[in-house]
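Novice: The sequence and its predicted three-dimensional model are supplied below.
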Amino acid sequence: MKRKKQKEPVGMNIAEIFNALALLEEDRGIPQAFMLEKITQAIVSAYKRDHPGVDNVEIDTDKETKTLRMFVVKKVVADEDYTNPGNEISLEEAKKIYARYEPGDEVNIPVDNVEFGRIAAGNGKQVIIQGLREAERGMIYDEFSSKQHEILTGTVMRVDPRNGNATVKIGTGNETTEVLLTQSEQIPGEEIVDGMLLKVYIVSVNRSTRGPQILISRTHPGLVRRLFELEVPELYDGTVEIKSISREAGSRSKLAVWSNDENVDPVGACVGPRGQRVANVVAELRGEKIDIIKYDEDMSKFISAALSPANVTEVRVSPDGRFCRAIVPDHQLSLAIGREGQNARLAAKLTGCKIDIKAASAKDIDENWPPAPPAPKVGDAKPENARDDAEADAKWDTKEEIGLEGGDPETLREFDRLMTEMDWED
């Protein structure tokens with residue numbers, strides 16, 4: 001008996017779709033393989049939906065001939081074990097296709113071209129549109145995530161008259177998208193109109209089901225940093241560094257700058273010839289005042305500079321560096337504090353230190369401030385010459401034994417001093 005050969009499906013020619021995908025890859029940068037994968041997944045899902053119980057469906061893609069062919073993969077089983085028509089084929093039926101099939105083999109059953117064409121036509125267009133959107137979202141995320149914490153120039157497309165939120169179109173050269181600049185992220189008092197060019201700071205870029213969520217701002221301190229980096233070459237090449245920034249958008253900002261080259265004045269570099277560099281930044285920030293001070297590792301000097309334009313006569317810093325007291329001349333007190341405390345707030349944010357400002361004539365100035373460091377507690381580190389044996393530990397803990405624990409602070413400090421100076425050797 002002559003063996004009956006397995007028929008090969010003619011397949012559905014989708015050369016036009018291949019051509020369209022090639023154009024999308026060329027014009028939009030969307031990989032052709034990505035779109036083909038989406039299309040084949042949709043066709044397989046549609047076939048399984050129309051044929052409950054079918055699990056194994058494969059699509060053969062031939063990019064050279066620009067064709068797709070779909071098969072249902074079935075397992076050959078003995079005639080008496082044949083129970084699942086969707087995923088199995090009896091040995092008798094399999095041998096009609098190819099005489100050498102045995103139980104356990106797999107057979108590719110071609111899907112009828114008419115049915116295949118119907119499924120492809122019904123899902124292809126929808127999948128292409130959906131896949132195009134997903135690919136664009138992915139490309140937008142990849143493009144803008146690399147621009148996080150940078151500034152971009154955008155065009156105001158429209159402004160909502162109800163809440164003042166502005167829609168800004170931003171781009172990186174390869175991709176463009178529209179982002180919402182909420183009123184809370186706008187510089188107070190700034191008038192934004194349609195068609196206006198704005199520099200915005202990319203705060204964050206996050207994925208979401210509706211596409212990448214890009215948060216932009218004009219009030220973030222990072223905007224000031226990036227604007228100065230655009231204007232000051234010494235910042236760009238690392239000769240000058242911005243150590244810290246404090247900002248109250250629309251009113252005033254303070255910058256602490258430092259130079260890695262003793263021959264370069266960091267403040268002068270940021271101000272620029274005739275003040276042009278800082279003037280350009282002020283213009284972009286719509287007249288926001290900017291104080292540029294020189295950073296100093298000595299906290300007392302740094303805090304004194306941070307309180308400019310006031311002249312500080314003395315600064316006392318607590319041992320942990322978190323608190324300080326600044327003494328200023330009486331006539332400079334209001335200048336040091338600033339309108340509604342703004343200068344003091346900005347100085348505190350800039351230095352990371354809570355500042356208590358006192359006039360020189362104030363009667364409540366404590367001459368002993370800052371307080372001495374607290375006495376070590378039982379179990380704290382021992383003096384360098386202390387022994388680690390049980391006898392030395394017993395001597396260290398005698399403060400509790402003799403009733404000094406919780407006693408007068410001065411007595412405790414004197415006790416600790418004596419214990420530190422004691423000769424621990426036998």
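Specialist: The structure has been received and is ready for your questions. These numbers come from a predicted model, not from an experiment.

Novice: For the stretch 51-200 of the chain, which residues score under the pLDDT cut-off?
Specialist: Flagging of the stretch 51-200 of the chain using pLDDT under 70 yields the residue ranges 113-125, 128, 131, 173-174.

Novice: who touches the helix or strand hosting Asn343?
Specialist: Here Asn343 sits within helix 342-351, counting by DSSP states H and E. Around helix 342-351, the neighbours that count as contacts under Cβ atoms under 8 Å, 6 or more residues apart in numbering are 244-248, 251-254, 256, 291, 293, 299, 302-303, 306-307, 310, 335-338, 354-355, 357. All C-beta atoms are positioned from the backbone trio N, CA, C, and that covers glycine.

Novice: In which helix or strand does Ser304 reside?
Specialist: Short version, using DSSP H and E: Ser304 is in helix 299-306.

Novice: how far is that helix from where the chain is centred?
Specialist: Its chain's average C-alpha position is 32 Å from that of helix 299-306, according to Cα atoms, centre = their mean, to the nearest Å.

Novice: Could you pull out the buried residues of it?
Specialist: Under the neighbour-count criterion of 16 or more other Cβ atoms under 10 Å, helix 299-306 has 299, 302-306 buried.

Novice: and what of stretch 196-215?
Specialist: With burial defined by 16+ other Cβ under 10 Å, the residues of stretch 196-215 counted as buried are 198, 200-203, 205, 212, 214-215.

Novice: Which single one of those residues is nearest to Asp265?
Specialist: When the buried residues of stretch 196-215 are compared for distance to Asp265 (Cβ to Cβ), Tyr201 wins out at 27.3 Å.

Novice: Not counting sequence-adjacent ones, nearest residue to the closest one?
Specialist: Leu223 (4.0 Å; Cβ to Cβ, 6 or more residues apart in numbering).

Novice: mean confidence score for the helix or strand containing the one you found?
Specialist: Of the helices and strands defined by DSSP H and E, Leu223 is found in helix 221-231. Averaged across helix 221-231, the pLDDT comes to 95.

Novice: which helices and strands sit right next to it?
Specialist: Under the contact criterion of 3 or more Cβ pairs under 8 Å, 6 or more residues apart in numbering; DSSP states H and E, helix 221-231 touches strand 151-159, strand 197-206, helix 233-236, strand 240-248, strand 252-259, helix 276-284.

Novice: Distance to Glu88 added to the ones you listed, as CSV?
Specialist: CSV is the format used below for the helices and strands packed on helix 221-231 (distance: least, Cβ to Cβ, whole Å):
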stretch, distance to Glu88
strand 151-159, 59
strand 197-206, 47
helix 233-236, 69
strand 240-248, 70
strand 252-259, 74
helix 276-284, 72
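
Novice: most neighbours per residue, which of these?
Specialist: Ranked by mean neighbour count under mean count of other Cβ atoms under 10 Å, those are led by strand 252-259, which reaches a mean of 22.

Novice: Show residues contacting the helix or strand that it is followed by.
Specialist: Downstream of strand 252-259, the first helix or strand assigned by DSSP H and E is helix 266-271. Residues from elsewhere that reach helix 266-271 (Cβ under 8 Å, 6+ apart): 228, 232, 234-235, 239-241, 255, 257-259, 277-278, 292-295.

Novice: And for stretch 205-225?
Specialist: Stretch 205-225 is contacted by residues 137, 140-141, 144-145, 147-149, 151, 154, 168, 170, 177, 179, 181, 184-187, 190, 198-204, 242, 245-247, 249-250, 253, 255, 281, 285, 290 when judged by Cβ under 8 Å, 6+ apart.

Novice: rerun that using 7 Å as the cut-off
Specialist: Stretch 205-225 is contacted from outside by 137, 140-141, 144-145, 148-149, 151, 168, 179, 181, 185-187, 198, 200-204, 242, 245, 247, 249, 253, using Cβ atoms under 7 Å, 6 or more residues apart in numbering.

Novice: same check, this time on stretch 290-299
Specialist: Contacts with stretch 290-299, where a contact means Cβ under 7 Å, 6+ apart, come from 243, 252-258, 266-267, 270-271, 278, 281-282, 302, 305-306, 308, 317, 321, 353.

Novice: same deal with stretch 302-314?
Specialist: Applying Cβ under 7 Å, 6+ apart, the set of residues contacting stretch 302-314 is 254, 291, 293-296, 315, 324, 326-329, 332, 335-336, 343, 347, 350-351, 353, 355, 360.

Novice: One more pass at 8 Å, please.
Specialist: Under the criterion Cβ under 8 Å, 6+ apart, residues 254, 256, 291, 293-296, 315, 317, 324, 326-329, 332, 335-336, 343-344, 346-347, 350-351, 353, 355, 357, 360 lie in contact with stretch 302-314.

Novice: quick one: which of those sit in strands?
Specialist: In strands, judged by DSSP state E, the following of the contacts of stretch 302-314 are found: 254, 256, 291, 293-294, 315, 317, 324, 326-328, 355, 357.

Novice: for those, which one is nearest Gly164?
Specialist: Lys254 (27.5 Å).

Novice: need the contact list for that closest one.
Specialist: The contact partners of Lys254, by Cβ under 8 Å, 6+ apart, come to 245-247, 290-293, 306, 346-347, 349-350.

Novice: Okay, it and Thr177: tell me how far apart.
Specialist: Between Lys254 and Thr177 the distance is 34 Å, computed by Cβ to Cβ, to the nearest Å.

Novice: With Asn56 instead?
Specialist: Counting by Cβ to Cβ, the gap from Asn56 to Thr177 is 41 Å.

Novice: Between the two, point out the one with more neighbours.
Specialist: A count of neighbours by other Cβ atoms under 10 Å puts Thr177 above the other of Asn56 and Thr177, at 19 against 16.

Novice: What's opposite that one in the beta bridge?
Specialist: According to DSSP bridges, Ile170 are recorded as the beta-bridge partners of Thr177.

Novice: Touching, Lys38 and Ile129? I think so.
Specialist: No: with contact defined as Cβ atoms under 8 Å, Lys38 does not reach Ile129; the gap is 10.2 Å.

Novice: ok, these two, which is more surrounded?
Specialist: Lys38 (18 against 10).

Novice: if we can go back for a sec, mind saving the C-alpha coords of the helix holding Asn343 as CSV?
Specialist: Coordinates of the C-alpha atoms in helix 342-351 are reproduced here as CSV (Å, rounded to 0.1, in the frame of the first residue of the first chain):
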residue,chain,number,x,y,z
GLN,A,342,13.0,82.7,55.1
ASN,A,343,16.7,83.4,55.4
ALA,A,344,17.0,81.2,58.5
ARG,A,345,15.0,78.4,56.9
LEU,A,346,17.0,78.4,53.8
ALA,A,347,20.3,78.5,55.8
ALA,A,348,19.1,75.5,57.9
LYS,A,349,18.2,73.5,54.8
LEU,A,350,21.5,74.3,53.1
THR,A,351,23.6,73.3,56.1
